[in-house]
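[1] Coordinates for the following, if possible.
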Amino acid sequence: MINAPLDEAVAPSEKDAKLALESSRRLAPYVDDNLEVQIPEKGRKREKLVIPAAAVRLLMNILTEMSRGNAVTLIPIHAELTTQQAADLLNVSRPFLVKLLEEKKLGYRKVGTHRRILFKDLIEYKKRSDMDRGRALDELVAEAQKHRMGY
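    Have a look, this model is predicted:
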């Protein structure tokens, strides 16, 4: 397995983005299937490789993001992140993230003097936070409609 640093995203060139768009279009009909591909073996005939459906879906997501010009990185669900990496993923400042940790709104563990956050815990926090924001927005919309504010 190739291990790239967690903060190392792969940014597509314009040529890569176009190729990713075409590849994602051609791959779309097979997104729920195991995919058989032929790969050339140096000095030998082509060999068949079977890619599991889950990996095909992941590849489709990667290609879609690349086609939009977005940088892409893969993070294993069990990965431990530094406070800066976690803050970057949430798009918040590091001090704000540390405050979340100290308020026990997000789990972490200490490694020496450093805090480490599990990626899965970060994603769970983000889902909860997004749901809370959605509920608050729904309440604001309902209140605006109640007062005929044109929303």
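
[2] what helices or strands is the helix or strand harbouring residue 38 leaning on?
    If you go by DSSP states H and E, residue 38 is part of strand 35-39. The contact analysis (3 or more Cβ pairs under 8 Å, 6 or more residues apart in numbering; DSSP states H and E) places strand 35-39 against strand 47-51. C-beta: built from backbone N, CA, C; applies to glycine.

[3] and the longest helix belonging to the chain, how far out from the chain's middle?
    Using DSSP state H to define each element, the chain has its longest helix at helix 119-146. How far helix 119-146 lies from its chain's middle: 19 Å, per Cα atoms, centre = their mean, to the nearest Å.

[4] Could you do stretch 10-24 as well?
    On Cα atoms, centre = their mean, the centre of stretch 10-24 falls 18 Å from the chain's centre.

[5] so how far is residue 15 from residue 82?
    Distance from residue 82 to residue 15, counting by Cβ to Cβ, to the nearest Å: 33 Å.

[6] neighbour-wise, which of the two wins?
    Taking other Cβ atoms under 10 Å, residue 82 and residue 15 do not tie; residue 82 has more neighbours (17 against 8).

[7] low-confidence ranges in the chain?
    1-7, 151 (pLDDT under 70).

[8] Recalculate using a threshold of 90.
    Low-confidence segments of the chain (pLDDT under 90): 1-11, 30-31, 37-49, 71-77, 140-151.

[9] Show me the domain layout of it.
    Per the record, the chain has its domains at 14-67, 80-146, by automatic domain parsing.

[10] Let's see the distance spanning the shortest one from one end to the other.
    Meaning domain 14-67. From its first residue to its last, domain 14-67 covers 9 Å (Cα to Cα, to the nearest Å).

[11] to the chain's geometric centre, what's the distance from that domain?
    Relative to its chain's centre, domain 14-67 lies at 19 Å (Cα atoms, centre = their mean).
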